[in-house]
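Trainee: Kindly generate the corresponding structure for this input.
(4 chains)
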There are 2 protein chains.
Amino acid sequence: MTSPAPFEPVRPVRLYQRIIEQIEDALASRTLRPGQRLPSERQLVAQFGASRSTVREALRVLESNGVIRSRPGDPNGPEILPFSSQALSKQLTRLARVDGVDLAELISFRMVLDGSANMLAARLRTDDELAAIEATIEAMRQTIDVGYQQFSEADVAFHEAIARVSRNSLIQVCNHVVRGVVLSLISDKIARSRNSKALMRESLRHHEEVLEAIRAGDGPAAARISRRNLYDYYAGYLPKADREPLLALLDPTD
Amino acid sequence: MTSPAPFEPVRPVRLYQRIIEQIEDALASRTLRPGQRLPSERQLVAQFGASRSTVREALRVLESNGVIRSRPGDPNGPEILPFSSQALSKQLTRLARVDGVDLAELISFRMVLDGSANMLAARLRTDDELAAIEATIEAMRQTIDVGYQQFSEADVAFHEAIARVSRNSLIQVCNHVVRGVVLSLISDKIARSRNSKALMRESLRHHEEVLEAIRAGDGPAAARISRRNLYDYYAGYLPKADREPLLALLDPTD
DNA sequence: CCTCAGGAACTGGTCTGACCAGTGGACTTC
DNA sequence: GAAGTCCACTGGTCAGACCAGTTCCTGAGG
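Mentor: Purely as a prediction, here's the structure:
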C-alpha cells in the first residue's frame, strides 16, 4: 500500500529559483504587500549577491506570473501587483488552446460554475442586489436594438452582478475566465450568426427566466435554468458525441 | 451604454515577449509538439537575432509556465513538455495564499466542484468504473487502523477516481488544487485532532454514503451528500458568520 | 513668486563576451 | 568488442557596457 519508491529526482537548485522563492516567501508572509515596490534591479543585484542576468531572469518569471510589473524608467522599482485573474486566465487559456482540453469540458465546467453561482445568488441575494441584477437585464433589453457588441457587454455585466451576489470570488474568477476561453474557441463560428436579433432575444428571455428564479429565491431552479440555457446556447457547437456528459448536468430534479 | 474609451494602454513590446509569442504560436499551431526539442540557446540566438540574455529570459518564462524544461548539458536542447496542471495549480495557490481568498470561499468552491463531480460520476459511471471506486473505499477501510497518513492517501485516491469518472479534467484539476490549498490553510489546526480513529471512521462512512448514491446512479443525491459531508468536515474550522454562504449550497431539494 | 526648459541621475531593456561544471558521443586504446 | 579518454557542446552565471526613457531637481527667465 505504501508507495514503492517515493523518491523525487534531485534537481539542481538554480540561483534565479532561489531569488523567486525568497520574493514569494516575503509575499506570502506579508513582508511584501501589493502596491509596494521592489528595489531596482541593480539594488537587488547587491542584496542577492547575484549578477544582473540572474536577477532579471527571476524578475521576468515573477512578471509573467502576474506578481510584479516592471516599467522602464520608473525610479521606484518594480511594482508588486494585487492578484488579477489575468495569470490564471492565461494558464486556463493555454490549457485549452495548446493542450487540447476540449470544448465540451469547458462548457461543462461553465455549466457547473454558472449554475452554482446562480443558486447562491438566488439564496443569498438582498433586495438591493436583486435590483442591481434587474438593472443589468434592463440594459440588455435596451441594447438589443443597438448591436451585438453592446448587448454582449450588458450580458457580461449581468453575469458579473450574479457572481458578486454569489459571495464567491473564486467562482467568479473561474467562470469569467472560462467564459472568455470558450468564446475565443468558437469566435470564428460565432461571428456572423450571433448578430441576429432573434438570437439576442432568445438570450434575453433566458436571462429573464434566471432572474425570475432569483427573484423567487429558488436556488435549485436558478441553477437548473441557467445550466439548461448554457447548454442550449453552446451545444450547437459540439459534435453530438460530446454532448452526453453535458446532459448529465441537466434534467431531472437537479 | 457604449464603452466610453475602449482603448488599451500601448505597452512597449519587449523583445523577449516576441520570442515567447513566436514559440507559443508554434505550439498552438502544432508546429511544435510536446516531446520535441527546442534548438539550443545559442542556436535560438542566431535564429531570433537577439542576444542570449534576451533568449534566456524568454526561455525562463516558458519554463516557469510549464511549457518547456531546460537541463544543463543536454545536447538536444530544451524539451517541450506536455501539459501539466502544475502551472494552473500554482496560480490557484497564489490566489488563495497570497491574495487572501478566505477559507469559506475555498470550501464553498470545493463543495461546488466536488458535488458536481459526484453528480457527473453517478450519472456517467460504467460498471468497471464503479468497481474502481469501490476498490478505493476498500483501501480506506483497510488503512483506518494503519494511520492517518495512509488513510489520507486512500482518501485522495477516492476523489481522484471520482474525478476521472466525471469526465472533466478541469473539475478534477481545480478540485485537487483547492483541496490542497484548504488543507494547507488548516493544517496547523488539523494536525493533532485528525488522528483519531473516530473521525476517520466518520469520514469513511461519509464516503460510503456517496458511493451508495453513485452505485444507484442518483446524481443529485451524490451531489447533495458530498456537499453535506464536506460541510460537516470543514465547517468547524470556520467562524459561525462565515458558514451562512455555505449553507446556501446545502439542504432543500438540491 | 511661478513657470518652464535643461540636465543629472536614475530606471529597465539589450548586447557582448567570457568562464564554469556538467553531459554525451566519438575516438582511441587495450 | 569493451573500456577509458577526450572534446565539443549544453545550460547557468557573471561582468561590464550602451541605450532610450522616466523622474525630479535646478536654475534661468518671466
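Trainee: domain ranges for chain A?
Mentor: Residue ranges for each domain of chain A read A:15-80, A:86-247, as given by automatic domain parsing.
Trainee: Now do the contacts for A:Val45.
Mentor: A:51-52, A:55 (C-beta atoms under 8 Å, 6 or more residues apart in numbering or on different chains). For glycine as for every other residue, the C-beta is placed from the backbone atoms N, C-alpha and C.
Trainee: In three-state terms, how would it be classified?
Mentor: Following DSSP: H, G, I helix; E, B strand; the rest coil, we place A:Val45 in the helix state.
Trainee: next one: phi and psi at A:Ile186?
Mentor: Backbone torsions for A:Ile186, taken as degrees, to the nearest 10, come to phi -110, psi 10.
Trainee: where's the closest residue in space to it that isn't next to it in sequence relative to chain B, distance?
Mentor: Computed as C-beta to C-beta, 6 or more residues apart in numbering or on different chains, the closest residue to A:Ile186 that is not its neighbour in sequence is A:Tyr237, at 5.0 Å. The spacing between A:Tyr237 and chain B, counted by C-beta to the nearest C-beta, to the nearest Å, is 17 Å.
Trainee: Of the contacts of A:Val45, which belong to helices?
Mentor: Among these, the ones falling in helices (DSSP state H) are A:52, A:55.
Trainee: still on that earlier bit, for the domains of chain A, which one ends up most surrounded?
Mentor: Most buried of the domains of chain A, by mean neighbour count (mean count of other C-beta atoms under 10 Å in any protein chain shown): domain A:86-247, with a mean of 19.
Trainee: Go ahead and confirm the residue nearest to A:Ile186 touches A:Leu183.
Mentor: No - the pair A:Tyr237 and A:Leu183 fails to qualify as a contact (C-beta atoms under 8 Å) at a distance of 10.7 Å.
Trainee: Distance check, A:Arg123 against DNA strand D.
Mentor: 47 Å (C-beta to the nearest atom of the strand, to the nearest Å).
Trainee: In space, what's closest to that residue - neighbours in sequence excluded?
Mentor: For A:Arg123, the closest residue by C-beta to C-beta, 6+ apart turns out to be B:Ala248, at 4.0 Å.
Trainee: which residues does A:Val177 contact?
Mentor: A:85, A:88-89, A:92-93.
Trainee: Rebuild those as a markdown table, extending it with distance to B:Gly217.
Mentor: Formatted as a markdown table, those follow (distance: C-beta to C-beta, whole Å):
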| residue | distance to B:Gly217 |
| --- | --- |
| A:Ser85 | 36 |
| A:Leu88 | 34 |
| A:Ser89 | 36 |
| A:Leu92 | 31 |
| A:Thr93 | 35 |
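Trainee: Give the single residue among those residues positioned nearest to B:Glu160.
Mentor: Distance to B:Glu160, by C-beta to C-beta, is smallest for A:Leu92 among these, at 20.6 Å.
Trainee: and the closest one, what element?
Mentor: helix A:85-97 (DSSP states H and E).
Trainee: what angle do the helix or strand just after that helix and helix B:103-124 make?
Mentor: Per DSSP H and E, the first helix or strand lying C-terminal to helix A:85-97 is helix A:103-124. Computed by axes from the mean of the first three to the mean of the last three C-alpha atoms, to 10 degrees, the angle separating helix A:103-124 from helix B:103-124 equals 130 degrees.
Trainee: Flag the shaky bits of the stretch 1-150 of chain A, pLDDT-wise.
Mentor: In the predicted model, the stretch 1-150 of chain A carries pLDDT under 70 at residues A:1-12, A:84-87, A:91, A:94-101.
Trainee: Distance check, the residue nearest the centre of chain A against A:Ile20.
Mentor: Centroid-nearest residue in chain A: A:Val177, 2.5 Å away (criterion: C-alpha atoms, centre = their mean). Shown here: A:Val177 relative to A:Ile20, a distance of 24 Å by C-beta to C-beta, to the nearest Å.
Trainee: Check A:Arg125 too.
Mentor: Relative to A:Ile20, and taking C-beta to C-beta, A:Arg125 is found at 42 Å.
Trainee: Verify the contact between A:Met200 and A:Gln149 for me.
Mentor: No - the pair A:Met200 / A:Gln149 is not scored as a contact, 11.3 Å apart, by C-beta under 8 Å.
Trainee: quick one on the thing from earlier: could I get the contacts of A:Val45 as TSV with distance to DNA strand D?
Mentor: Listed next are the contacts of A:Val45 as TSV, based on distance: C-beta to the nearest atom of the strand, whole Å:
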residue	distance to DNA strand D
A:Ser51	4
A:Arg52	6
A:Val55	8
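Trainee: Quick check on A:Leu38: phi, psi?
Mentor: phi -80, psi 150.
Trainee: Which residue, other than its chain neighbours, is closest to it?
Mentor: Leaving out its chain neighbours, the residue that sits closest to A:Leu38 by C-beta to C-beta, 6+ apart is A:Pro78, at 4.3 Å.
Trainee: List the contacts of the closest residue to DNA strand C within the stretch 1-150 of chain A.
Mentor: Distance from DNA strand C to each residue of the stretch 1-150 of chain A (C-beta to the nearest atom of the strand) is smallest for A:Ser40, at 3.1 Å. By C-beta under 8 Å, 6+ apart, the residues touching A:Ser40 are A:75, A:77-78.
Trainee: 7 Å - rerun?
Mentor: Going by C-beta atoms under 7 Å, 6 or more residues apart in numbering or on different chains, A:Ser40 touches A:Gly77.
Trainee: Now do the helix or strand containing A:Val210: distance to the chain's middle.
Mentor: Assigned by DSSP H and E, A:Val210 belongs to helix A:197-215. Put simply, helix A:197-215 sits 23 Å off its chain's centre (C-alpha atoms, centre = their mean, to the nearest Å).
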